[in-house]
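>>> Dropping a prediction and its sequence here:
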Amino acid sequence: MKRKFIYLFALLLCSCSSENLQAQLPDEEETPEQTQTLPGQPVGFATTGITPTGGEGGKSVTVTNATELTGALKRTEKLVIYIKGIVSVDNVISVKATNKTLLGLPGSVLTNPNRTQDTSGILYFKSGSDNLILRNLTFKSAGAYDTDGRDNLCIDGTTNIWVDHCDFQDGVDGNFDCKSASDHIAVTWCRFRYLIEPLAGGSGGSNDHRFSNLWGNSDSHTEDRGRLNTTFQYCWWDEGCRDRMPRVRFGKIHIANCLYSSSVTSGCIGVGREADVYVEKSVFIGIKKAHKVYDESGQLRFDGCEFRNSTVDEGTKTSFTPEYILKTVPVNEVESLVRNQAGATLDIKEAN
C-alpha cells in the first residue's frame, strides 16, 4: 500500500512539472506580429478599402543595407522587415511590393546623401504595390533642391497603405508624395521637417523647394478622380517646411488633430484641381497663411481648428464629410500630444 502511494505521488509530481514546463515554452507558431504588440492601428480612409495588415502572419527578417532591403521588399510572400542601423542608398529603391510590414528599430535610419536629379530619393513604391505598413522609419536625404529629383518616400499606384510614426527629413524633391491613383491611405503620427538649408539654382526654378507633400502630381492626371483618398492624423509639419503640407489635387483629404508650426511657410495646405480637404481640430502656430488656392474647383473646410498667433483662416467653407468614424482629441490637447509622440518614437524590439 505504501509503495502504491509513493508511485501515485511521483506520477502526480511529474504531471505537474510537465504542465509547468509546457506553460513556459514559447509557441513555435507565433509570428513577430503576435510576439510584439505596438500601439495604434490604421484609421480613416485606410479602413474603407481592405484594411492593411502588411506582413502579419508571415516570417520576419532583419536588414542592415540597401541590397538586403530591396531583396526583402521584392519577395512575394508576407513578410515583416526590421530596419537595423544606418541603411544608406545611393539611388532610390524602386519596387513593387505587396503584403509587407517595415519596422524601424530604434536608432535606425534610411538615408541617401545624393542631391542630384538621377541619384536622389530613398523609397519608391511602384504601381501595383498593395497592403503595406511602414512604422517607426526615419528618412534622411541631402536637402531640398529643385532639380526634378526624387522624394524620401513616394507611392505611385499604391493601395491600402498605413504610414505611422515616421520622421521625414530633407527630401530633395519632397518628403512624402502620392500619385497615380494611389488610394485608401492613412498617415499617422508622422513628422515632416527640413534641417538642411535649401539649395538654390535648380532647373525647376524654385530657390527654396522645401515642399513637403504633393498629393496628385498633375492637373492632367484625371485618373486620380475618386482616388488619392487619405487621412492624416496626429502629424506635425515642423520647422523648415515651406509649402505643400500637403498640396492636393482630386483626392479627398482628411486632416485631423495635426500640428503646423513652421515659421518659414508661405502657405500650408494647397488646394488644387478638384481637391476636397476637410481640416478638423488642428493647430496652426505662427502661420500667416494656413491655405492657398491654386484652382477654384478645389475646396477646403476648417472645423474646430485653433489659429494661435496666426491669421484666422475660413477656407472655402465647404468640403466633404468623412464616411467613416474617426476618434479625435480636443483641439487644446493636440500640440502637447503631437510634439511628444510624433516621429519615430516607438520602442520596437527585433523579433527573436
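Structure received. In this text the structure is predicted, and so the values were computed from the model without any measurement.

>>> Now do the strands in the stretch 201-350 of the chain.
Here the stretch 201-350 of the chain has its strands, by DSSP state E, counting those that start in this stretch, at 214-215, 230-233, 236-237, 247-248, 252-256, 259-260, 269-271, 276-280, 283-285, 291-293, 299-303, 306-308.

>>> Of the ones you listed, which is nearest residue 97?
For these, proximity to residue 97 was assessed by Cβ to Cβ; strand 230-233 is nearest, at 18.8 Å. For every residue, glycine as well, the C-beta is placed using N, CA and C.

>>> Against which helices or strands is that closest one packed?
Secondary-structure packing of strand 230-233 (3 or more Cβ pairs under 8 Å, 6 or more residues apart in numbering; DSSP states H and E): strand 183-188, strand 252-256.

>>> and the ones you listed as CSV, adding mean pLDDT?
Shown next, in CSV, are these (pLDDT from 0 to 100):
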stretch, mean pLDDT
strand 183-188, 98
strand 252-256, 99
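
>>> I'd like those laid out as CSV, including mean neighbour count and distance to residue 283.
Below are the helices and strands packed on strand 230-233 laid out as CSV (neighbours: other Cβ atoms under 10 Å; distance: least, Cβ to Cβ, whole Å):
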stretch, mean neighbour count, distance to residue 283
strand 183-188, 26, 16
strand 252-256, 25, 11
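
>>> between those, which gets nearest to residue 121?
strand 183-188 (18.4 Å).

>>> quick check: mean pLDDT across the very next helix or strand once past the closest one?
Moving toward the C-terminus from strand 183-188, the first helix or strand encountered (DSSP states H and E) is strand 191-193. In this model, strand 191-193 carries a mean pLDDT of 99.

>>> Can you give the strand pairings for strand 191-193, parallel or anti for each?
Sheet pairing for strand 191-193, assigned by DSSP bridges, gives strand 167-169 (parallel), strand 236-237 (parallel).

>>> Of those strands, which is nearest residue 80?
Taking Cβ to Cβ as the criterion, strand 167-169 is the member of the strands paired with strand 191-193 that comes nearest to residue 80, at 20.2 Å.

>>> Just the residues contacting that closest one, thanks.
Under the criterion Cβ atoms under 8 Å, 6 or more residues apart in numbering, residues 137-141, 152-153, 175-176, 190-195, 212, 343-344 lie in contact with strand 167-169.

>>> for the residue lying closest to residue 74 once chain neighbours are set aside, which residues make a bridge with it?
Sequence neighbours aside, residue 95 is the residue nearest to residue 74 in space, at 5.9 Å (criterion: Cβ to Cβ, 6 or more residues apart in numbering). Assessed by DSSP bridges, residue 95 has beta-bridge partners residue 125.

>>> per-residue pLDDT, residue 95?
For residue 95, the predicted pLDDT is 98.

>>> For residue 178, see how far away it is.
Applying Cβ to Cβ, to the nearest Å, the value for residue 95 to residue 178 is 16 Å.

>>> Between these two, which has more neighbouring residues?
residue 178 (33 against 17; other Cβ atoms under 10 Å).

>>> what separates the host helix or strand of that one from the chain centre, distance-wise?
Assigned by DSSP H and E, residue 178 belongs to strand 176-179. Counting by Cα atoms, centre = their mean, to the nearest Å, strand 176-179 is centred 11 Å from the centre of its parent chain.

>>> list the buried ones in it?
176-179 (16 or more other Cβ atoms under 10 Å).

>>> any residues touching it, and which ones?
Here strand 176-179 has contacts from 139, 151-158, 163, 168, 185, 187, 190, 192, 212-217, 221, 224, 228, 230, 246, using Cβ under 8 Å, 6+ apart.

>>> residues in contact with residue 233?
43-44, 186-189, 254-258, 326, 328.

>>> rerun that using 10 Å as the cut-off
43-44, 164, 186-190, 254-258, 280-282, 326-329, 338 (Cβ atoms under 10 Å, 6 or more residues apart in numbering).

>>> what about residue 104, distance to residue 219?
Residue 104 is 35 Å from residue 219, by Cβ to Cβ.

>>> And these two? Which one has more around it.
residue 104 (25 against 15).

>>> how near is that one to residue 343?
When residue 104 is compared with residue 343 (using Cβ to Cβ), they lie 11 Å apart.

>>> Please apply the same query to residue 275.
Applying Cβ to Cβ to residue 275 and residue 343 gives a distance of 27 Å.

>>> more neighbours, those two?
The residue with more neighbours, out of residue 275 and residue 343, is residue 275; 28 against 23, by other Cβ under 10 Å.

>>> how deep is the closest residue to residue 335 other than its chain neighbours tucked in, by neighbour count?
Spatially, and ignoring its direct neighbours in sequence, residue 335 is nearest to residue 283 (5.3 Å; Cβ to Cβ, 6+ apart). Around residue 283 there are 22 other residues, counting by other Cβ under 10 Å.

>>> could you measure residue 283 against residue 291, distance?
14 Å.

>>> for the stretch 201-350 of the chain, what spans make up the helices?
Taking DSSP state H, counting those that start in this stretch as the test, the helices found in the stretch 201-350 of the chain are 334-341.

>>> I should have written the stretch 1-150 of the chain there, sorry.
Under DSSP H, counting those that start in this stretch, the stretch 1-150 of the chain gives helices at 2-24, 32-35, 66-74.
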